[in-house]
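K.L.:
Quick one, structure for this:
(2 chains)
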Amino acid sequence: MTAGEIEEYFPAIKGRFEITSEPDEEYNCIAWSVNDTKQWWWPTPPGQKKWPGKYWPPGIPHDETLEAFTALYECLSFGICSDRGFEPEYDKIAIYADLNGVVTHAARWWQEDRGWSSKLGEENDICHHVLESLEGPAYGSVFQIMRRARALR
Amino acid sequence: MPLDIPKEETQSFSEIHGIAGLSKPDSPALGKELLGKEFHELAGKWRSETRILSSVSAKIFNPHYQRIIGMGRPALPFIFAELRDRGGFWYWALECICGENPAAESETLPDAKRVWLEYARRHGYL
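P.N.:
So this is what the prediction gives:
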């Protein structure tokens, strides 16, 4: 997508982001949040067949709920925190959900990132200055922040 | 006694296809052109509404995607061309329309794409 197209989807982001990759349909925001660029991390609800290239860790509920995604990141050694800012020695995850509590997106702020970093579905990665830039009709709001000591990667 | 045909069954070709002012095409080429137009309109809307989403459910249950599935086998050449040229999460639609999944054993998206495009060439869709 172009910068203009991104701003159409996320009006609050105007001028406060940079595109950091080409579009890539192999991986999504959840995969990017754990540095996987070869699989699409998303649960497979009952009745749906497994998608090629899709992944969901065994033992994690196949739900699009905040509880399921919290369990996902907890099994990767993340814990809930309240601070949205950069903290030395910690990688961070921000989980977005809609008003019904259905998870829509996750952003990451790893030590090597210059700010919050998000993969926009099949499209580009972007680095955005604040989490609020992606809040709105497409992704809802940030519901939870989680962090993991970098030493636990 | 005249048949009492429900109104919804007396729609004209143009009403069914949402293309105002057109009568039923009198050539296969024109029919294919109109089908292609409809497909690309639906595919464009589907991409626009879902390309930034991660939820597979949101992608495959999108109304425009569902309408493409509803187009059936005539849509296959357009879907395969789209898959070849632009990629996209067409695998659910392809399996629904074709009634089979040659990429069932594929573990990766690139491999599934390769298998489906081979299928398309083998069956004359590309």
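
K.L.:
Next one: residue A:50 relative to residue A:57, how far apart?
P.N.:
Using Cβ to Cβ, to the nearest Å, one obtains 14 Å as the distance from residue A:50 to residue A:57. Where you see a C-beta, it was placed from the backbone N, CA and C, and this is true even at glycine.

K.L.:
got it, and residue B:47?
P.N.:
Distance of residue B:47 to residue A:57, computed by Cβ to Cβ: 29 Å.

K.L.:
These two - which one has more neighbours?
P.N.:
Neighbour tally, residue B:47 and residue A:57, criterion other Cβ atoms under 10 Å in any protein chain shown: the higher count belongs to residue B:47, 18 against 12.

K.L.:
what's the longest helix in chain B?
P.N.:
If you go by DSSP state H, chain B has its longest helix at helix B:28-50.

K.L.:
Let me know the secondary structure of the residue nearest to residue B:60 when sequence neighbours are not counted.
P.N.:
Spatial nearest neighbour of residue B:60, excluding adjacent residues (Cβ to Cβ, 6 or more residues apart in numbering or on different chains): residue B:92 at 4.4 Å. Assigned by DSSP: H, G, I helix; E, B strand; the rest coil, the conformation of residue B:92 is helix.

K.L.:
Please name the residues that touch residue B:92.
P.N.:
Neighbour list for residue B:92: A:51, B:60, B:65 [criterion: Cβ atoms under 8 Å, 6 or more residues apart in numbering or on different chains].

K.L.:
Would you mind giving the residues you listed as CSV with distance to residue A:66, neighbour count and secondary structure added?
P.N.:
Converted to CSV, the contacts of residue B:92 look like this (distance: Cβ to Cβ, whole Å; neighbours: other Cβ atoms under 10 Å in any protein chain shown; DSSP: H, G, I helix; E, B strand; the rest coil):
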residue, distance to residue A:66, neighbour count, secondary structure
A:51, 22, 19, coil
B:60, 23, 20, helix
B:65, 26, 24, helix
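
K.L.:
Return the item of those having minimum pLDDT.
P.N.:
For these, the weakest pLDDT value sits at residue A:51, with 78.

K.L.:
And residue A:75, how far from residue B:31?
P.N.:
53 Å.

K.L.:
do the same with residue A:67
P.N.:
The gap separating residue A:67 from residue B:31 is 50 Å, by Cβ to Cβ.

K.L.:
Looking at the two, which one has more neighbours?
P.N.:
Using other Cβ under 10 Å, the more surrounded residue of residue A:67 and residue B:31 is residue B:31, with 15 against 11.

K.L.:
any idea how far the more buried one is from residue B:38?
P.N.:
Residue B:31 sits 11 Å away from residue B:38, going by Cβ to Cβ.

K.L.:
contacting residues for residue B:40?
P.N.:
Neighbouring residues of residue B:40 by Cβ under 8 Å, 6+ apart: residue B:78.

K.L.:
Please read the previous query as pertaining to residue A:90.
P.N.:
Taking Cβ under 8 Å, 6+ apart, we find residue A:90 in contact with A:111, A:147-150.

K.L.:
Bridge partners for it, pull those for me.
P.N.:
Legend: beta-bridge partners of residue A:90 under DSSP bridges are residue A:149.

K.L.:
At the geometric centre of chain A, which residue do we find?
P.N.:
With distances taken as Cα atoms, centre = their mean, residue A:106 lies nearest the centre of chain A, 1.8 Å away.

K.L.:
does that one sit in a helix, a strand or a coil?
P.N.:
Under three-state DSSP, residue A:106 falls in the strand class.

K.L.:
what pLDDT does residue A:25 get?
P.N.:
According to the prediction, residue A:25 has pLDDT 95.

K.L.:
which strands and helices sit next to the worst-scoring helix or strand of chain A on mean pLDDT?
P.N.:
Sorting the helices and strands of chain A by mean pLDDT, DSSP states H and E puts strand A:54-55 at the bottom, at a mean of 92. Strand A:54-55 is packed against strand A:40-41, with contacts defined by 3 or more Cβ pairs under 8 Å, 6 or more residues apart in numbering or on different chains; DSSP states H and E.
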